[in-house]
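A.B. asks: this is a predicted model, with the sequence first.
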Amino acid sequence: MASPASSALYVGLISGTSADGIDAVLAAFGGAPRLLAAITHPWPEPLRARMLALAQGDGATTLDELGALDVEIARCFADATEALLARARVPASSVRAIGSHGQTLRHRPSGPTPFTLQLGDPNVIAERTGIATVADFRRADVAAGGQGAPLLPIFHAALLARPGMARVVLNLGGIANITVLGADGSVIGFDTGPANGLLDAWCQRHLGAPFDRNGAFAARGRCDEALLARLLDDAYFALPPPKSTGREHFQMDWLERRLQGAAPRPEDVQATLVELTARSVAQAIDAHAADADEVLACGGGVHNPVLMAALRRALAPRSIGSVALLGLDPDYIEAMAFAWLAHARLEGRTGNLPAVTGASGPRVLGGWYAPR
(Lines give C-alpha, C1' and ligand atoms only; values in the text may rest on other atoms or scores of the structure.)
Protein backbone atom coordinates (compact mmCIF):
# COMPACT_ATOMS: atom_id res chain seq x y z
CA MET A 1 0.00 0.00 0.00
CA ALA A 2 1.36 3.39 -0.95
CA SER A 3 1.51 5.59 2.11
CA PRO A 4 0.42 9.22 1.78
CA ALA A 5 2.13 12.01 3.63
CA SER A 6 2.27 11.28 7.36
CA SER A 7 0.51 14.54 8.20
CA ALA A 8 -2.59 13.26 6.39
CA LEU A 9 -2.95 9.93 8.25
CA TYR A 10 -5.50 9.58 11.03
CA VAL A 11 -7.08 6.75 12.99
CA GLY A 12 -10.79 6.87 13.84
CA LEU A 13 -12.27 4.78 16.65
CA ILE A 14 -15.88 4.24 17.70
CA SER A 15 -18.02 1.69 19.47
CA GLY A 16 -21.67 2.48 18.86
CA THR A 17 -24.86 2.08 20.84
CA SER A 18 -24.97 -1.67 20.23
CA ALA A 19 -21.40 -2.09 21.55
CA ASP A 20 -20.93 -4.92 19.06
CA GLY A 21 -17.26 -4.12 18.47
CA ILE A 22 -14.79 -1.27 18.08
CA ASP A 23 -14.66 0.04 14.53
CA ALA A 24 -11.16 1.26 13.74
CA VAL A 25 -10.11 2.93 10.50
CA LEU A 26 -6.99 4.40 8.99
CA ALA A 27 -7.92 7.35 6.80
CA ALA A 28 -6.20 10.05 4.82
CA PHE A 29 -7.46 13.60 4.45
CA GLY A 30 -4.78 15.23 2.31
CA GLY A 31 -7.44 15.66 -0.42
CA ALA A 32 -10.69 13.77 -0.77
CA PRO A 33 -11.26 11.53 2.29
CA ARG A 34 -9.79 8.08 1.69
CA LEU A 35 -10.27 4.89 3.70
CA LEU A 36 -6.96 3.01 3.74
CA ALA A 37 -7.65 0.18 6.18
CA ALA A 38 -10.41 -0.88 8.58
CA ILE A 39 -11.15 -3.54 11.17
CA THR A 40 -13.82 -4.31 13.75
CA HIS A 41 -12.09 -5.29 16.97
CA PRO A 42 -14.12 -7.47 19.34
CA TRP A 43 -14.92 -6.56 22.91
CA PRO A 44 -14.08 -9.09 25.60
CA GLU A 45 -17.53 -10.49 26.35
CA PRO A 46 -17.42 -9.90 30.15
CA LEU A 47 -16.54 -6.23 29.56
CA ARG A 48 -19.25 -5.86 26.92
CA ALA A 49 -21.81 -7.34 29.30
CA ARG A 50 -20.84 -4.86 32.03
CA MET A 51 -21.09 -1.92 29.61
CA LEU A 52 -24.51 -2.95 28.33
CA ALA A 53 -25.85 -3.61 31.81
CA LEU A 54 -24.84 -0.12 32.88
CA ALA A 55 -26.02 1.55 29.65
CA GLN A 56 -29.51 0.06 29.65
CA GLY A 57 -30.07 -0.44 33.38
CA ASP A 58 -30.95 1.99 36.12
CA GLY A 59 -27.47 3.53 36.09
CA ALA A 60 -26.59 2.31 39.57
CA THR A 61 -22.87 1.71 39.89
CA THR A 62 -19.92 2.70 42.04
CA LEU A 63 -17.23 5.26 41.40
CA ASP A 64 -14.68 2.45 41.48
CA GLU A 65 -16.54 0.53 38.76
CA LEU A 66 -16.92 3.66 36.63
CA GLY A 67 -13.23 4.47 36.92
CA ALA A 68 -12.22 0.90 36.12
CA LEU A 69 -14.48 0.82 33.06
CA ASP A 70 -12.94 4.06 31.79
CA VAL A 71 -9.49 2.46 31.80
CA GLU A 72 -10.55 -1.00 30.53
CA ILE A 73 -12.46 0.51 27.61
CA ALA A 74 -9.47 2.70 26.73
CA ARG A 75 -7.15 -0.30 26.75
CA CYS A 76 -9.43 -2.05 24.25
CA PHE A 77 -9.44 1.07 22.04
CA ALA A 78 -5.63 1.05 22.15
CA ASP A 79 -5.62 -2.67 21.27
CA ALA A 80 -7.89 -1.92 18.30
CA THR A 81 -5.51 0.80 17.10
CA GLU A 82 -2.50 -1.48 17.32
CA ALA A 83 -4.33 -4.28 15.49
CA LEU A 84 -5.40 -1.86 12.75
CA LEU A 85 -1.88 -0.51 12.20
CA ALA A 86 -0.46 -4.03 12.16
CA ARG A 87 -3.01 -4.99 9.50
CA ALA A 88 -2.14 -1.88 7.46
CA ARG A 89 1.62 -2.27 8.05
CA VAL A 90 1.82 1.37 9.06
CA PRO A 91 3.98 2.48 12.01
CA ALA A 92 2.42 4.54 14.77
CA SER A 93 4.91 7.31 14.00
CA SER A 94 3.20 7.84 10.62
CA VAL A 95 -0.18 8.67 12.21
CA ARG A 96 -0.82 12.29 13.06
CA ALA A 97 -3.65 11.63 15.53
CA ILE A 98 -6.35 9.27 16.73
CA GLY A 99 -9.95 10.47 16.90
CA SER A 100 -11.66 8.42 19.62
CA HIS A 101 -15.39 8.71 20.18
CA GLY A 102 -15.36 6.40 23.21
CA GLN A 103 -18.25 4.26 24.43
CA THR A 104 -21.44 6.14 25.25
CA LEU A 105 -22.98 5.00 28.52
CA ARG A 106 -25.40 7.89 29.04
CA HIS A 107 -26.73 10.61 26.76
CA ARG A 108 -29.10 13.10 28.40
CA PRO A 109 -28.70 16.40 26.52
CA SER A 110 -31.99 17.90 27.74
CA GLY A 111 -33.28 18.98 31.13
CA PRO A 112 -31.81 21.23 33.83
CA THR A 113 -28.37 19.53 33.82
CA PRO A 114 -27.70 18.28 30.28
CA PHE A 115 -24.80 15.90 29.86
CA THR A 116 -23.35 13.16 27.70
CA LEU A 117 -20.94 10.51 28.94
CA GLN A 118 -18.45 8.56 26.83
CA LEU A 119 -15.86 6.32 28.51
CA GLY A 120 -12.41 5.33 27.25
CA ASP A 121 -9.70 7.49 28.87
CA PRO A 122 -7.81 9.15 25.99
CA ASN A 123 -4.72 9.52 28.20
CA VAL A 124 -4.49 5.72 28.28
CA ILE A 125 -4.94 5.48 24.50
CA ALA A 126 -2.21 8.07 23.85
CA GLU A 127 0.16 6.47 26.34
CA ARG A 128 -0.35 2.95 25.00
CA THR A 129 -0.11 3.81 21.30
CA GLY A 130 2.32 6.72 21.36
CA ILE A 131 -0.10 8.65 19.14
CA ALA A 132 -1.72 12.00 19.99
CA THR A 133 -5.39 11.39 20.72
CA VAL A 134 -8.37 13.67 20.24
CA ALA A 135 -11.44 12.70 22.28
CA ASP A 136 -14.45 14.05 24.17
CA PHE A 137 -16.08 15.40 21.01
CA ARG A 138 -19.63 15.84 22.28
CA ARG A 139 -19.45 17.84 25.48
CA ALA A 140 -18.38 21.18 23.99
CA ASP A 141 -21.55 21.16 21.88
CA VAL A 142 -23.70 20.24 24.91
CA ALA A 143 -22.06 23.03 26.93
CA ALA A 144 -23.09 25.41 24.13
CA GLY A 145 -26.73 24.34 24.47
CA GLY A 146 -26.64 21.65 21.80
CA GLN A 147 -27.59 17.99 21.75
CA GLY A 148 -24.00 16.87 21.25
CA ALA A 149 -25.37 14.55 18.57
CA PRO A 150 -25.54 13.54 15.86
CA LEU A 151 -22.06 14.61 14.84
CA LEU A 152 -21.94 12.70 11.56
CA PRO A 153 -23.86 15.23 9.41
CA ILE A 154 -20.90 17.58 8.98
CA PHE A 155 -18.84 14.66 7.63
CA HIS A 156 -21.74 13.37 5.53
CA ALA A 157 -21.92 16.83 3.96
CA ALA A 158 -18.18 16.87 3.23
CA LEU A 159 -18.36 13.38 1.73
CA LEU A 160 -21.74 13.20 -0.02
CA ALA A 161 -23.27 16.65 -0.62
CA ARG A 162 -23.72 17.56 -4.29
CA PRO A 163 -24.81 21.02 -5.52
CA GLY A 164 -28.39 21.04 -6.72
CA MET A 165 -29.10 17.54 -5.37
CA ALA A 166 -31.28 16.75 -2.35
CA ARG A 167 -30.40 13.45 -0.68
CA VAL A 168 -30.66 11.77 2.71
CA VAL A 169 -27.93 9.80 4.44
CA LEU A 170 -29.38 7.19 6.79
CA ASN A 171 -27.12 5.70 9.46
CA LEU A 172 -28.48 2.40 10.80
CA GLY A 173 -26.56 1.82 14.00
CA GLY A 174 -27.97 0.99 17.41
CA ILE A 175 -29.98 4.17 16.89
CA ALA A 176 -31.03 5.38 13.44
CA ASN A 177 -30.19 8.92 12.41
CA ILE A 178 -30.56 10.90 9.22
CA THR A 179 -28.63 13.68 7.55
CA VAL A 180 -30.65 15.78 5.12
CA LEU A 181 -28.41 17.32 2.48
CA GLY A 182 -30.47 20.03 0.80
CA ALA A 183 -30.13 20.97 -2.84
CA ASP A 184 -29.39 24.51 -1.61
CA GLY A 185 -26.45 23.36 0.52
CA SER A 186 -28.37 23.26 3.79
CA VAL A 187 -27.76 20.44 6.27
CA ILE A 188 -29.98 19.16 9.04
CA GLY A 189 -29.84 15.89 10.94
CA PHE A 190 -31.22 14.08 13.97
CA ASP A 191 -31.80 10.69 15.55
CA THR A 192 -35.05 9.20 14.26
CA GLY A 193 -35.35 6.44 16.87
CA PRO A 194 -34.25 2.85 17.48
CA ALA A 195 -32.59 0.59 14.94
CA ASN A 196 -30.22 -2.29 15.72
CA GLY A 197 -30.14 -1.71 19.48
CA LEU A 198 -33.60 -3.06 20.20
CA LEU A 199 -33.41 -5.68 17.45
CA ASP A 200 -30.17 -7.04 18.91
CA ALA A 201 -31.43 -7.00 22.50
CA TRP A 202 -34.64 -8.89 21.63
CA CYS A 203 -32.68 -11.40 19.56
CA GLN A 204 -30.20 -11.93 22.40
CA ARG A 205 -33.02 -12.58 24.85
CA HIS A 206 -34.90 -15.10 22.72
CA LEU A 207 -32.22 -16.75 20.59
CA GLY A 208 -29.09 -16.16 22.66
CA ALA A 209 -27.51 -14.61 19.57
CA PRO A 210 -25.97 -11.12 19.56
CA PHE A 211 -27.85 -10.07 16.41
CA ASP A 212 -30.44 -11.30 13.91
CA ARG A 213 -28.22 -12.63 11.14
CA ASN A 214 -29.73 -11.79 7.72
CA GLY A 215 -32.96 -10.82 9.49
CA ALA A 216 -33.95 -14.50 9.66
CA PHE A 217 -35.66 -14.17 13.07
CA ALA A 218 -37.79 -11.21 11.92
CA ALA A 219 -38.57 -12.96 8.62
CA ARG A 220 -40.36 -15.73 10.53
CA GLY A 221 -42.74 -13.24 12.14
CA ARG A 222 -45.48 -10.79 11.20
CA CYS A 223 -45.81 -7.18 12.26
CA ASP A 224 -48.24 -6.68 15.15
CA GLU A 225 -49.93 -3.43 14.09
CA ALA A 226 -51.46 -2.79 17.52
CA LEU A 227 -48.06 -3.11 19.19
CA LEU A 228 -46.46 -0.97 16.49
CA ALA A 229 -49.03 1.77 17.13
CA ARG A 230 -48.14 1.75 20.84
CA LEU A 231 -44.43 1.94 20.04
CA LEU A 232 -44.88 4.82 17.60
CA ASP A 233 -46.96 6.69 20.17
CA ASP A 234 -43.81 7.51 22.13
CA ALA A 235 -43.43 11.27 22.48
CA TYR A 236 -39.89 11.23 21.07
CA PHE A 237 -41.08 10.57 17.53
CA ALA A 238 -43.21 13.74 17.52
CA LEU A 239 -40.47 16.01 18.87
CA PRO A 240 -39.10 18.52 16.37
CA PRO A 241 -35.34 18.56 15.73
CA PRO A 242 -32.77 19.20 17.02
CA LYS A 243 -33.08 15.97 18.97
CA SER A 244 -31.02 12.91 19.86
CA THR A 245 -31.56 9.77 21.86
CA GLY A 246 -29.93 6.49 22.87
CA ARG A 247 -30.11 3.21 24.70
CA GLU A 248 -31.08 4.93 27.97
CA HIS A 249 -34.49 5.65 26.35
CA PHE A 250 -35.11 2.97 23.71
CA GLN A 251 -34.26 -0.16 25.70
CA MET A 252 -35.87 -3.40 26.81
CA ASP A 253 -37.83 -1.86 29.70
CA TRP A 254 -39.33 0.61 27.23
CA LEU A 255 -40.41 -2.25 24.97
CA GLU A 256 -41.79 -4.38 27.79
CA ARG A 257 -43.98 -1.57 29.10
CA ARG A 258 -45.58 -1.32 25.68
CA LEU A 259 -46.18 -5.03 25.42
CA GLN A 260 -48.74 -4.37 28.20
CA GLY A 261 -48.51 -7.87 29.57
CA ALA A 262 -49.33 -9.46 26.21
CA ALA A 263 -47.27 -12.41 25.03
CA PRO A 264 -46.99 -12.22 21.25
CA ARG A 265 -44.69 -14.66 19.51
CA PRO A 266 -41.07 -13.47 19.86
CA GLU A 267 -40.60 -13.49 16.08
CA ASP A 268 -43.67 -11.23 15.70
CA VAL A 269 -42.11 -8.72 18.13
CA GLN A 270 -38.89 -8.83 16.10
CA ALA A 271 -40.82 -8.20 12.89
CA THR A 272 -42.64 -5.32 14.60
CA LEU A 273 -39.34 -3.76 15.72
CA VAL A 274 -38.14 -3.88 12.10
CA GLU A 275 -41.28 -1.99 11.05
CA LEU A 276 -40.77 0.48 13.91
CA THR A 277 -37.39 1.45 12.52
CA ALA A 278 -38.65 1.60 8.92
CA ARG A 279 -41.74 3.66 9.63
CA SER A 280 -40.12 6.07 12.09
CA VAL A 281 -37.36 6.72 9.53
CA ALA A 282 -39.92 7.22 6.77
CA GLN A 283 -41.99 9.62 8.90
CA ALA A 284 -38.89 11.68 9.67
CA ILE A 285 -37.88 11.86 6.00
CA ASP A 286 -41.42 12.72 4.89
CA ALA A 287 -41.50 15.57 7.40
CA HIS A 288 -38.02 17.00 6.86
CA ALA A 289 -36.77 15.89 3.43
CA ALA A 290 -39.86 15.85 1.26
CA ASP A 291 -37.89 16.89 -1.85
CA ALA A 292 -35.22 14.19 -1.51
CA ASP A 293 -35.73 11.21 -3.79
CA GLU A 294 -32.56 9.34 -2.82
CA VAL A 295 -31.64 7.73 0.52
CA LEU A 296 -28.10 6.43 1.05
CA ALA A 297 -27.76 3.96 3.92
CA CYS A 298 -24.75 3.07 6.04
CA GLY A 299 -24.13 1.30 9.33
CA GLY A 300 -24.64 -2.31 10.35
CA GLY A 301 -28.33 -2.30 9.44
CA VAL A 302 -27.52 -2.34 5.72
CA HIS A 303 -26.62 -6.02 6.11
CA ASN A 304 -30.12 -6.92 7.34
CA PRO A 305 -32.11 -7.65 4.15
CA VAL A 306 -35.43 -7.76 6.04
CA LEU A 307 -34.84 -4.28 7.47
CA MET A 308 -33.74 -2.92 4.10
CA ALA A 309 -36.84 -4.39 2.43
CA ALA A 310 -39.05 -2.77 5.08
CA LEU A 311 -37.33 0.55 4.46
CA ARG A 312 -37.89 0.25 0.71
CA ARG A 313 -41.60 -0.28 1.30
CA ALA A 314 -41.88 2.55 3.80
CA LEU A 315 -39.85 5.03 1.72
CA ALA A 316 -41.36 4.31 -1.71
CA PRO A 317 -41.27 5.87 -4.24
CA ARG A 318 -37.89 7.10 -3.01
CA SER A 319 -34.93 4.88 -3.77
CA ILE A 320 -32.75 3.51 -0.97
CA GLY A 321 -29.42 1.81 -1.35
CA SER A 322 -26.17 1.29 0.50
CA VAL A 323 -23.38 3.85 0.23
CA ALA A 324 -21.43 0.88 -1.15
CA LEU A 325 -23.02 1.79 -4.49
CA LEU A 326 -20.81 4.89 -4.39
CA GLY A 327 -17.69 2.90 -3.54
CA LEU A 328 -17.86 3.65 0.21
CA ASP A 329 -17.73 1.04 2.96
CA PRO A 330 -21.04 1.29 4.86
CA ASP A 331 -19.56 -0.28 7.99
CA TYR A 332 -16.89 2.36 8.55
CA ILE A 333 -18.40 5.74 7.67
CA GLU A 334 -18.90 6.55 11.36
CA ALA A 335 -15.32 5.68 12.36
CA MET A 336 -14.08 7.74 9.41
CA ALA A 337 -16.11 10.66 10.72
CA PHE A 338 -14.20 10.66 14.00
CA ALA A 339 -10.87 10.46 12.21
CA TRP A 340 -12.07 13.47 10.18
CA LEU A 341 -13.17 15.29 13.36
CA ALA A 342 -9.71 14.75 14.82
CA HIS A 343 -8.27 16.26 11.65
CA ALA A 344 -10.65 19.22 12.01
CA ARG A 345 -9.58 19.69 15.65
CA LEU A 346 -5.91 19.81 14.74
CA GLU A 347 -6.64 22.27 11.94
CA GLY A 348 -8.73 24.45 14.29
CA ARG A 349 -11.89 23.96 12.24
CA THR A 350 -15.48 23.71 13.40
CA GLY A 351 -16.69 20.19 14.20
CA ASN A 352 -20.38 20.79 14.86
CA LEU A 353 -23.29 22.15 12.86
CA PRO A 354 -25.52 24.33 15.07
CA ALA A 355 -28.44 23.77 12.66
CA VAL A 356 -28.15 20.07 13.49
CA THR A 357 -27.39 20.02 17.20
CA GLY A 358 -29.03 23.26 18.32
CA ALA A 359 -25.82 24.65 19.84
CA SER A 360 -25.58 28.41 20.21
CA GLY A 361 -22.77 28.53 17.66
CA PRO A 362 -19.99 26.64 15.90
CA ARG A 363 -17.41 24.97 18.13
CA VAL A 364 -14.06 23.26 17.64
CA LEU A 365 -14.71 19.85 19.17
CA GLY A 366 -12.51 17.50 21.15
CA GLY A 367 -9.69 17.69 23.65
CA TRP A 368 -6.05 17.06 22.75
CA TYR A 369 -4.14 14.39 24.66
CA ALA A 370 -0.43 14.25 23.94
CA PRO A 371 1.46 10.97 23.60
CA ARG A 372 4.41 9.97 25.75
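C.D. replies: That came in fine, so what should we check first?
A.B. asks: please state the offset of the lengthiest strand in the chain from the chain centre?
C.D. replies: Among the segments of the chain that qualify as a strand by DSSP state E, the longest is strand 97-108. Its chain's C-alpha centre lies 10 Å from the corresponding centre of strand 97-108 when counted by Cα atoms, centre = their mean, to the nearest Å.
A.B. asks: strand partners (parallel or antiparallel) of it?
C.D. replies: Partner strands and pairing direction for strand 97-108 (DSSP bridges) are strand 9-15 (parallel), strand 115-119 (antiparallel), strand 133-135 (parallel).
A.B. asks: so where do the strands sit in the stretch 151-300 of the chain?
C.D. replies: If DSSP state E, counting those that start in this stretch is used as the criterion, the strands of the stretch 151-300 of the chain fall at 167-172, 175-181, 187-194, 294-298.
A.B. asks: how about the helices in the protein?
C.D. replies: Counting by DSSP state H, the chain has helices at residues 45-56, 63-88, 122-129, 139-143, 152-160, 196-207, 216-219, 225-232, 235-238, 252-259, 266-288, 305-315, 333-346, 354-357.
A.B. asks: in JSON lines, list those along with mean pLDDT and mean neighbour count.
C.D. replies: C-beta: built from backbone N, CA, C; applies to glycine. Below are those laid out as JSON lines (pLDDT from 0 to 100; neighbours: other Cβ atoms under 10 Å):
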{"stretch": "helix 45-56", "mean pLDDT": "90", "mean neighbour count": "16"}
{"stretch": "helix 63-88", "mean pLDDT": "97", "mean neighbour count": "18"}
{"stretch": "helix 122-129", "mean pLDDT": "98", "mean neighbour count": "21"}
{"stretch": "helix 139-143", "mean pLDDT": "98", "mean neighbour count": "20"}
{"stretch": "helix 152-160", "mean pLDDT": "96", "mean neighbour count": "22"}
{"stretch": "helix 196-207", "mean pLDDT": "95", "mean neighbour count": "21"}
{"stretch": "helix 216-219", "mean pLDDT": "98", "mean neighbour count": "20"}
{"stretch": "helix 225-232", "mean pLDDT": "97", "mean neighbour count": "16"}
{"stretch": "helix 235-238", "mean pLDDT": "98", "mean neighbour count": "12"}
{"stretch": "helix 252-259", "mean pLDDT": "94", "mean neighbour count": "14"}
{"stretch": "helix 266-288", "mean pLDDT": "98", "mean neighbour count": "22"}
{"stretch": "helix 305-315", "mean pLDDT": "98", "mean neighbour count": "19"}
{"stretch": "helix 333-346", "mean pLDDT": "97", "mean neighbour count": "26"}
{"stretch": "helix 354-357", "mean pLDDT": "97", "mean neighbour count": "22"}
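A.B. asks: any idea which of these gets closest to L26?
C.D. replies: With distances scored as Cβ to Cβ, the stretch of these nearest to L26 is helix 63-88 (5.1 Å).
A.B. asks: which elements pack onto the closest one?
C.D. replies: With contacts defined as 3 or more Cβ pairs under 8 Å, 6 or more residues apart in numbering; DSSP states H and E, helix 63-88 has these neighbours: strand 9-15, strand 22-28, strand 34-41, helix 45-56, strand 97-108, strand 115-119, helix 122-129.
A.B. asks: the fifth one vs helix 122-129, what angle?
C.D. replies: Orientation note: strand 97-108 sits at an angle of 150 degrees relative to helix 122-129 (axes from the mean of the first three to the mean of the last three Cα atoms, to 10 degrees).
A.B. asks: just confirm R205 contacts L255, I think it does.
C.D. replies: No - R205 is not in contact with L255 according to Cβ atoms under 8 Å; the separation is 10.0 Å.
A.B. asks: what is the distance between stretch 273-292 and the centre of its chain?
C.D. replies: The gap between the average C-alpha position of stretch 273-292 and the chain average comes to 18 Å, counting by Cα atoms, centre = their mean.
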